[in-house]
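> give me a 3D structure for the following:
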Amino acid sequence: MIFTKPKDSRCMNRLRYISALCLLFCGLAVSAQTYEKVLRNNFWNASDNVAGIRQDTVSVSVAELSARYESGGFRDPSQAPEAWSAGASTSSIRHLDRISLTGSFSFEQTEGYGMCGSMFITPGSYPVDIFEFTPGRKTLQTYAFEGGISYDIAPEWRIGAKMDFESANLAKRKDLRYVNWKLDMTVSPGFMYHSGDLAVGASALFRKVSESVDPTQVGTAESSYYAFLDKGMMYGTYSVWTGSGLHLDESGVNGFPVKDLSYGAAVQLEYRDVFAQVRYLRSSGRVGEKEYIWFRYRGNEVAADMGWRINESVHGKHTLRIGAWWKGMTMDESVLEKVTENGVTTVTDHGSNRILSRSQWHISPEYELLHPLLEVRAGADIDMTGSISSQVYPYVYSQSLFEASAYVDIEYHLGRFDWGCAGRYGGGKVSEKEELVSGNSGVQTVPFRLQEWYDMQLEYRTARRFHADIMVRYNFEGNIYLEADMTSVKAFGLKYLTGPDRFSAVLRLGYRF
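Numbering: from 1, shown residues only. Here you go, the predicted structure:
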């Protein structure tokens, strides 16, 4: 990065104030590497308490345009065989006299070809999912905004608040065609006390997510299009898309709506070079609207993060981090009865049945070395998931899924060039068990499973694979840079997926100021 001395310091100061405020609310783009490096220098930047961003004094703003291409057969069945995307985004952290501002804005458009599978924007976001099976083109537009402020109300006290907002819309242009809208908002106010080497903080968290899928059929086909409602572990209902069991064409309901609310709190503690945070979240969600609530789910999450700067000298800064969380979730299916009398339809709720339980564990240790010429990160991600599906009495299915990966990421700075390479190796395994809780139920039909898609989905998550990434960045005069990044994935021992390879390339043009 090259800096030039301003000729008029007063003019430059005014421009910095204006730039900070503009970037907080509008802005254009961000360099993930530069911004991320500044974030990682202060543990509070990655915490849930924005009041702590004033523990650091480094200000940074970066604007970036990007374009991406990816293709290959090693993919989740809901991903695109081939996709293009382009976007612009920005992020900024500015520290002033008694106030610090952080903000970002981004826009991205993605065109995916030959896509089918999940109709949600982010598959796997909810306990239920809805699938369609006619490959076609999908267009996804995503807008994201983030704004945060930290203010010194007294020499040892700070307050802050932050809001994250994301809006996305997706459209498929081939029957079974549909549109999808998603809104995701998180608000987190907090406060902080600091004195010498000690800093203590607390923050509240509130998140609201709403998404709705609205399908339609325009063309005329000899037979109706089919869809599948996944109620967990790929057990569910498979029928024509207008069937009552799928709820895609339910009278009195606009599309297939999902609403999710989360609330909780987090506490933070920093003493000298050690930082720790503990967070608790409680969530509840529903699928449907008005009196037509088909599913209800509830969840709890406990998370802990810790960081330790073990050594800092002219030879570099060494940091250890570890994050862990546990999530538990249960989902009930409502028993609804519709009665039409004199042209008026009423819905009676006869209770609900527990059809899915899930417990997830995650742990991610990491080591980091930051040096003026060299950056190294090495770590691992370990996930364990246990699920129990009981849609049809007396059949109970349990699943244990284990996933693990290890990675190394190296970046070297030489003159105007930044060179980077990374590697990740991972895989997993799964085991299942079936049992009958009663032998005299009289039930003859077992729950339906979309076995082919289930096999592909599990193979994508558990297959042994190696990721290789190469990056080169050239820094021009005037704080402009051009970056190219290429990633290749090779999987081994596949049986169900269409291919063992996946390739992606990204081109970025950015400006630091």
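
> surely Met234 and Asp455 touch.
No. Contact criterion CB atoms under 8 Å: Met234 and Asp455 do not qualify, at 9.1 Å. C-beta here means a position set from N, CA and C on the backbone, and glycine is covered the same way.

> the two - which one has more neighbours?
In terms of neighbours (other CB atoms under 10 Å), Met234 is the more surrounded of Met234 and Asp455; the figures are 20 against 15.

> contact partners for that one?
Arg449, Leu450, Gln451, Trp453, Tyr454, Gln457 (CB atoms under 8 Å, 6 or more residues apart in numbering).

> which one of those residues is nearest to Ser284?
Nearest to Ser284, judged by CB to CB, of those is Gln457 at 26.2 Å.

> give me the element the closest one is part of.
Element membership for Gln457, per DSSP states H and E: helix 451-462.

> quick one: name whatever helix or strand follows that helix.
Beyond helix 451-462 toward the C-terminal end (DSSP H and E), the next one is strand 464-475.

> outside of that following strand, which residues touch it?
1-2, 33, 74, 407, 409, 411, 416-427, 481-493.

> at 6 Å what do you get?
416-425, 427, 481-492 (CB atoms under 6 Å, 6 or more residues apart in numbering).

> and the residues you listed, which are buried?
For the contacts of strand 464-475, a burial check counting by 16 or more other CB atoms under 10 Å picks out Asp418, Gly420, Ala422, Arg424, Gly427, Tyr481, Glu483, Asp485, Thr487, Val489, Ala491.

> so who does the fourth one touch?
Spelled out, it's Arg424. Ser405, Tyr407, His467.

> what's across from it in the sheet?
Arg424 has these beta-bridge partners by DSSP bridges: Tyr407, His467.

> next: the first one.
Following DSSP bridges, Asp418 is listed with bridge partners His413, Arg473.

> what's stretch 356-364 in contact with?
127, 232, 323-331, 381-389.

> show me what counts as buried in that stretch.
Buried residues in stretch 356-364, defined by neighbour count with 16+ other CB under 10 Å: Leu356, Ser357, Arg358, Gln360, His362, Ile363, Ser364.

> can you redo those as a markdown table with pLDDT and secondary structure?
Formatted as a markdown table, the buried residues of stretch 356-364 follow (pLDDT from 0 to 100; DSSP: H, G, I helix; E, B strand; the rest coil):
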| residue | pLDDT | secondary structure |
| --- | --- | --- |
| Leu356 | 97 | strand |
| Ser357 | 97 | strand |
| Arg358 | 98 | strand |
| Gln360 | 98 | strand |
| His362 | 98 | strand |
| Ile363 | 98 | strand |
| Ser364 | 98 | strand |
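
> and the nearest residue to Ser334 once chain neighbours are set aside, how many neighbours does it have?
In this structure, Ser334 finds its nearest non-sequential neighbour in Ser352, 4.9 Å apart by CB to CB, 6 or more residues apart in numbering. Under the neighbour criterion other CB under 10 Å, Ser352 is assigned a count of 16.

> tell me the pLDDT of Ser352.
For Ser352, the pLDDT comes out at 94.

> about what we covered before: just the ones of the buried ones among the contacts of strand 464-475 in strands?
Asp418, Gly420, Ala422, Arg424, Gly427, Tyr481, Glu483, Asp485, Thr487, Val489, Ala491 (DSSP state E).

> just give me the closest of these to Gln399.
Gly427 (17.0 Å).

> list the contacts for the closest one?
Arg464.

> could you rerun that using 10 Å?
Gly427 makes contacts with 402-405, 461-466, 491-493, as judged by CB atoms under 10 Å, 6 or more residues apart in numbering.

> mind putting the residues you listed into JSON lines with distance to Glu434 and pLDDT?
Formatted as JSON lines, the contacts of Gly427 follow (distance: CB to CB, whole Å; pLDDT from 0 to 100):
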{"residue": "Phe402", "distance to Glu434": "19", "pLDDT": "98"}
{"residue": "Glu403", "distance to Glu434": "22", "pLDDT": "98"}
{"residue": "Ala404", "distance to Glu434": "26", "pLDDT": "98"}
{"residue": "Ser405", "distance to Glu434": "29", "pLDDT": "98"}
{"residue": "Arg461", "distance to Glu434": "20", "pLDDT": "97"}
{"residue": "Thr462", "distance to Glu434": "19", "pLDDT": "98"}
{"residue": "Ala463", "distance to Glu434": "24", "pLDDT": "98"}
{"residue": "Arg464", "distance to Glu434": "27", "pLDDT": "98"}
{"residue": "Arg465", "distance to Glu434": "29", "pLDDT": "98"}
{"residue": "Phe466", "distance to Glu434": "34", "pLDDT": "98"}
{"residue": "Ala491", "distance to Glu434": "28", "pLDDT": "98"}
{"residue": "Phe492", "distance to Glu434": "29", "pLDDT": "97"}
{"residue": "Gly493", "distance to Glu434": "25", "pLDDT": "96"}
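
> if we can go back for a sec, turn the buried ones among the contacts of strand 464-475 into TSV, including distance to Tyr69.
Formatted as TSV, the buried ones among the contacts of strand 464-475 follow (distance: CB to CB, whole Å):
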residue	distance to Tyr69
Asp418	22
Gly420	19
Ala422	19
Arg424	20
Gly427	26
Tyr481	20
Glu483	15
Asp485	11
Thr487	11
Val489	14
Ala491	20
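
> follow-up on the earlier one: most neighbours among the contacts of Met234, please name it.
Most neighbours among the contacts of Met234, by other CB under 10 Å: Gln457, with 22 neighbours.

> how close does it get to Gln451?
11 Å (CB to CB, to the nearest Å).
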